[in-house]
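Novice: With the input below, show me the fold.
(chains A and B)
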Amino acid sequence: MIKKGTIYIYNSLTKKKELFNPIINNYIGMYVCGPTVYNHLHLGNYRTFIIFDIVFRYFKHLGYKIRYVRNITDVGHLENEIDYEDKIIKKSRKEGIDPMEIVNKYTISFHKFLNILNILSPNIEPTATGHIIEQIEFIKKLITNNYAYEINGSVYFDLKKYIKKYSYGILSNNKINKLLYEKENILNKEKRYPYDFCLWKKASNKHIMKWKSPWNYGFPGWHTECVTMSTKYLGGVFDIHGGGMDLKFPHHECELAQSNAFYEKISNARYWMHTNMLTINGKKMSKSLGNNLSIIDIYNDYSPNIFKLFILQHHYRSVIDFSLEKLKETKKGYIKIKNTIELINNFIPTNNKYFELNFNVYNWINKCYKSINDDFNTPMLISNIFYASNFIKLELYNINKVNFFLLKKYINYFIFDILGLSKSELTKNNLEYKKFNILVKKLILFRKEMRNKKNWIISDRLRKELCNIGVIINDEKFS
RNA sequence: GGCACUGUGGCCGAAUGGAUAAGGCAGAGGUCUGCAAAACCUUUUAAAGCGGUUCGAUUCCGCUCUGUGCCUCCA
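Specialist: Model prediction:
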């Protein structure tokens, strides 16, 4: 019998793996912090979106109705707290185009690579600039509830007031009085308390991206955007809130604080999930350090499936140190999986008899579900796939029809539906590829003729040329 | 300085209070072979250090050492 089992999720809020139960039976609301679109995303950024794609896919596979909201930050993400320069405006000045052109350009780039990576679209992808009114209303309520104050046209969150009733820092375990604050002296003097964070910032005359508000012409703060949009589409309390580990503090703490202050009760997500960082040479991949690689940088040698497999061979809560060497190793494993899938999907079973095999299909399926149920343990699931792969190569002929179709169905579920590898990349059935294939086949046929005539010079030359365009010929035995 | 996390074979990486510690890559031997490669078969190697709890710890606890992330901004 197939047992899909129950899901356990590591909850950053409680620091424990917990049995996952949605608030409303069979319905799930999930919010994931999306990118600030002021540049091309790098491999580390995509790691997070690959992981939450798996979460999304898995819930869908299990038959849940899930609403997945992933925002796009197109305003309000400040470069630093000193001169209040918006990342997008800075980039627009650098490229000499309008801020909204920047936003458009990098949003298109983001979507293009998500598509290349075979990442499903979320159900709602709200933008910050599309929700200015909601953010203003949100801030107004925070002021009414006495958790925010206006000063000189800007609005700040009153953290001192907040910590009288709620605890701040429960996600990160930080205590605000123990934080390092070297820049305290140069911080703006408007705030009542250095740790108060900006909800609405008054724009200077030169500032391009600004909107009318009850306080002044200005723009919303980054932390307010996410909490407004998650609330709007998922409600005050929802199931899962995700994002990169680097957002845990202060971004998510600030979201949580605003939500509690807004509803005047403990609210926002019940389960918080944080994906760990991708490092390169032991240092976090980041735009500011300049050590970032994009999909384009690896695309020629390593397909998106290989990159995904590489990411998923590590647990999402562990740091991954990226290198091309390791990607090369993954590529070899990927070829194994690819061969297995081709073998099983093209195999026609004839065996009706039952043989005693040391591979039980039901046990294997249950083990796969158990792996993914355990806090989305994709390395374990992949390990099980390799295990099945070894069996398939050796004993596919001995398996009876019933078990064969079961195995075929589920290995396809796990590889394509759940792990989200691209089927078309594995099977390559598009028209252009078919044409290319015909040409290659003709060349291979010609080479075979040359081999039959023992013309090793031409046949070896052909093998080399074909290899140069990525067609690897593995000769059969010469007879 | 505070907080969080990490240390498993040659490399990458899981699980686990007790019997053989997944899986991938690499290495070794073999099958096959015009050559090369691939594929396939077989196979070697592991728990930072010290102490504690326990009948028993890689797993739990403490300390030391190591590395990383966060405390401007970052998925």
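Novice: Any idea how many residues pack against the residue of the stretch 1-150 of chain A found nearest RNA strand B?
Specialist: When scored by Cβ to the nearest atom of the strand, the stretch 1-150 of chain A has A:G44 as its residue closest to RNA strand B, at 2.7 Å. The way it works is simple: take the backbone N, C-alpha and C, and place the C-beta from them, glycine included. Using other Cβ atoms under 10 Å, A:G44 is surrounded by 24 other residues.
Novice: Just the element for it, please.
Specialist: Using DSSP states H and E, A:G44 maps to helix A:43-61.
Novice: For the spatially most central residue of chain A, which non-adjacent residue is spatially closest?
Specialist: Taking Cα atoms, centre = their mean, the centroid of chain A lies closest to A:F49, which sits 1.2 Å from it. Of all residues not flanking A:F49 in the chain, A:I119 sits nearest, at 5.7 Å (Cβ to Cβ, 6 or more residues apart in numbering).
Novice: hang on, isn't the one you found packed against A:I51?
Specialist: No - using Cβ atoms under 8 Å, A:I119 makes no contact with A:I51, being 10.2 Å away.
Novice: now stretch A:162-178: how far from the chain's centre is it?
Specialist: Averaged C-alpha coordinates place stretch A:162-178 at 28 Å from its chain's average position (Cα atoms, centre = their mean, to the nearest Å).
Novice: meant to ask about stretch A:397-417
Specialist: Counting by Cα atoms, centre = their mean, stretch A:397-417 comes out at 28 Å from the chain centroid.
Novice: Repeat that for stretch A:190-201.
Specialist: Using Cα atoms, centre = their mean, the offset of stretch A:190-201 from its chain centre is 31 Å.
Novice: end to end, how far does it reach?
Specialist: One end of stretch A:190-201 to the other measures 11 Å (Cα to Cα, to the nearest Å).
Novice: Which positions within it qualify as buried?
Specialist: Across stretch A:190-201, burial judged by 16 or more other Cβ atoms under 10 Å covers A:191, A:195-201.
Novice: cool, stretch A:434-452 as well?
Specialist: Applying 16+ other Cβ under 10 Å to stretch A:434-452 flags A:447, A:450-451 as buried.
Novice: can I have it written out in PDB, keeping just the CAs?
Specialist: Extracted in PDB, the C-alpha atoms of stretch A:434-452 (Å, rounded to 0.1, in the frame of the first residue of the first chain):
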ATOM      1  CA  LYS A 434      14.200  16.800 -34.100                       C
ATOM      2  CA  LYS A 435      15.700  18.400 -37.200                       C
ATOM      3  CA  PHE A 436      19.100  18.600 -35.600                       C
ATOM      4  CA  ASN A 437      18.700  15.000 -34.600                       C
ATOM      5  CA  ILE A 438      18.000  13.900 -38.200                       C
ATOM      6  CA  LEU A 439      21.200  15.600 -39.400                       C
ATOM      7  CA  VAL A 440      23.300  14.100 -36.600                       C
ATOM      8  CA  LYS A 441      21.800  10.600 -37.400                       C
ATOM      9  CA  LYS A 442      22.800  11.000 -41.000                       C
ATOM     10  CA  LEU A 443      26.400  11.900 -40.000                       C
ATOM     11  CA  ILE A 444      26.500   9.000 -37.700                       C
ATOM     12  CA  LEU A 445      25.300   6.700 -40.400                       C
ATOM     13  CA  PHE A 446      28.000   8.000 -42.700                       C
ATOM     14  CA  ARG A 447      30.600   7.400 -40.000                       C
ATOM     15  CA  LYS A 448      29.400   3.900 -39.600                       C
ATOM     16  CA  GLU A 449      30.000   3.300 -43.300                       C
ATOM     17  CA  MET A 450      33.500   4.600 -42.900                       C
ATOM     18  CA  ARG A 451      34.000   2.400 -39.900                       C
ATOM     19  CA  ASN A 452      32.900  -0.600 -41.800                       C
END
